[in-house]
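>>> A structural model of the following input is requested.
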Amino acid sequence: MSEQFIEKGLLITAMFSIFIILIILGFIIIEGLPAFQDYGFIQFLFGQTWSPNEGQYGLFSMIIGSICVTIFALIIAVPLSILCSIFMAEVANENIKNFLKPVIQTLSGIPSVVYGFFGLIVLVPIVRFYFGGTGFSIFTAGIILSVMILPTIISVSFDSLCAVPNEYKEASLGLGATNWQTINKVIFPASLPGIVTAIILGMGRAIGETLAVIMVAGNVPGIPNSIFSPVRTLTSNIALEMSYATGLHHNALFATATILFVIILLLLVIANYIQRKYKMDVGGGTL
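Now for the predicted structure:
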């Protein structure tokens with residue numbers, strides 16, 4: 001009886017979570033639908049000019065800006081995160097692990113405004129001095145975001161590496177493989193689904209970050225021509241203009257949120273697909 005009660009309670013909790021997500025999604029879509037209808041979905045998505053005063057709501061430049069900042073952050077963060085997680089899981093002794101874990105957890109607990117303030121005061125002047133321009137750019141925002149997503153990717157990747165059965169490592173070492181060969185050919189491939197999930201989670205954190213990006217990206221709604229160009233991301237656009245938006249402008253910002261939600265949903269679908277694919281490959285012995 002108690003087991004059935006617990007099962008039903010868990011089911012109700014799960015259904016309630018899904019219900020909340022559907023309510024939020026429905027609210028965003030309903031509020032953003034007039035922008036798609038009045039301005040046109042294709043024009044809204046691929047238009048390159050965002051000028052609410054002139055009635056132009058092209059989102060393409062901000063989509064490109066979000067993608068550029070996120071990709072640049074991942075280029076920096078992913079190798080560092082994976083190497084750090086491998087070091088913690090397979091190389092470091094307990095004392096080093098006990099030191100690194102709280103440091104990484106501290107990084108994840110720092111408010112985004114602190115990262116943004118550091119970028120504004122320290123990184124922006126450095127970039128301006130050595131690379132020219134204003135210093136507000138994809139480069140600066142990417143560096144800040146890469147530091148912000150490091151804890152997420154490291155923590156999930158570390159857990160994935162530790163979850164690999166110890167028998168895999170013992171069998172590889174027993175066959176004469178070195179420790180590095182074991183990590184490279186056995187442990188890393190076996191933990192790859194979890195590592196991919198970590199990267200996707202980090203990507204979602206990067207593309208959804210707002211405050212830190214506002215402070216260092218420049219917030220210029222245009223297509224960048226280099227990594228040192230200022231950009232405006234989707235999240236920054238919503239945060240900067242929602243306080244005074246009215247009418248179709250208000251609906252266009254909710255439509256922007258809808259596009260952002262769809263992007264995050266696609267990332268989750270890709271992550272789930274890759275996880276299933278690699279799990280089947282590991283089960284079939286192809287790795």
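
>>> Helices of the stretch 101-250 of the chain, residue ranges please.
112-118, 124-131, 138-162, 166-174, 179-182, 188-208, 211-216, 234-241, 247-284 (DSSP state H, counting those that start in this stretch).

>>> Save those helices as a markdown table, and put in mean neighbour count too.
Just so you know, the C-beta spots here come from the backbone N, C-alpha and C atoms, and that holds for glycine as well. Output for the helices of the stretch 101-250 of the chain, formatted as a markdown table (neighbours: other CB atoms under 10 Å):
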| stretch | mean neighbour count |
| --- | --- |
| helix 112-118 | 17 |
| helix 124-131 | 14 |
| helix 138-162 | 24 |
| helix 166-174 | 13 |
| helix 179-182 | 14 |
| helix 188-208 | 22 |
| helix 211-216 | 25 |
| helix 234-241 | 20 |
| helix 247-284 | 16 |
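
>>> Comparing these, which yields the minimum mean pLDDT?
For these, the weakest mean pLDDT is recorded on helix 247-284, namely a mean of 79.

>>> possible to save the helices of the stretch 101-250 of the chain as TSV with distance to I29?
Listed next are the helices of the stretch 101-250 of the chain as TSV, based on distance: least, CB to CB, whole Å:
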stretch	distance to I29
helix 112-118	27
helix 124-131	37
helix 138-162	28
helix 166-174	46
helix 179-182	49
helix 188-208	18
helix 211-216	25
helix 234-241	15
helix 247-284	6
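
>>> I23: which of those is closest?
helix 247-284 (13.0 Å; CB to CB).

>>> The closest one vs helix 188-208, what angle?
Compare the direction of helix 247-284 with that of helix 188-208 by axes from the mean of the first three to the mean of the last three CA atoms, to 10 degrees and you get 180 degrees.

>>> from the chain's centre, how far out does helix 247-284 sit?
Averaging C-alpha positions (CA atoms, centre = their mean, to the nearest Å) puts helix 247-284 11 Å from its chain's average.

>>> again with stretch 15-31
21 Å.

>>> Alpha carbons of that stretch, in PDB - could you do that?
Taking C-alpha atoms only, stretch 15-31 is exported to PDB below (Å, rounded to 0.1, in the frame of the first residue of the first chain):
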ATOM      1  CA  MET A  15       3.000  15.200 -14.300                       C
ATOM      2  CA  PHE A  16       2.900  18.500 -12.300                       C
ATOM      3  CA  SER A  17       6.400  19.400 -13.600                       C
ATOM      4  CA  ILE A  18       5.300  18.700 -17.200                       C
ATOM      5  CA  PHE A  19       2.100  20.700 -16.600                       C
ATOM      6  CA  ILE A  20       4.100  23.800 -15.400                       C
ATOM      7  CA  ILE A  21       6.400  23.600 -18.400                       C
ATOM      8  CA  LEU A  22       3.500  23.400 -20.800                       C
ATOM      9  CA  ILE A  23       1.800  26.400 -19.100                       C
ATOM     10  CA  ILE A  24       5.000  28.500 -19.500                       C
ATOM     11  CA  LEU A  25       5.400  27.400 -23.100                       C
ATOM     12  CA  GLY A  26       1.800  28.100 -23.900                       C
ATOM     13  CA  PHE A  27       2.000  31.600 -22.300                       C
ATOM     14  CA  ILE A  28       5.100  32.500 -24.300                       C
ATOM     15  CA  ILE A  29       3.600  31.200 -27.600                       C
ATOM     16  CA  ILE A  30       0.300  33.000 -27.100                       C
ATOM     17  CA  GLU A  31       2.100  36.300 -26.300                       C
END
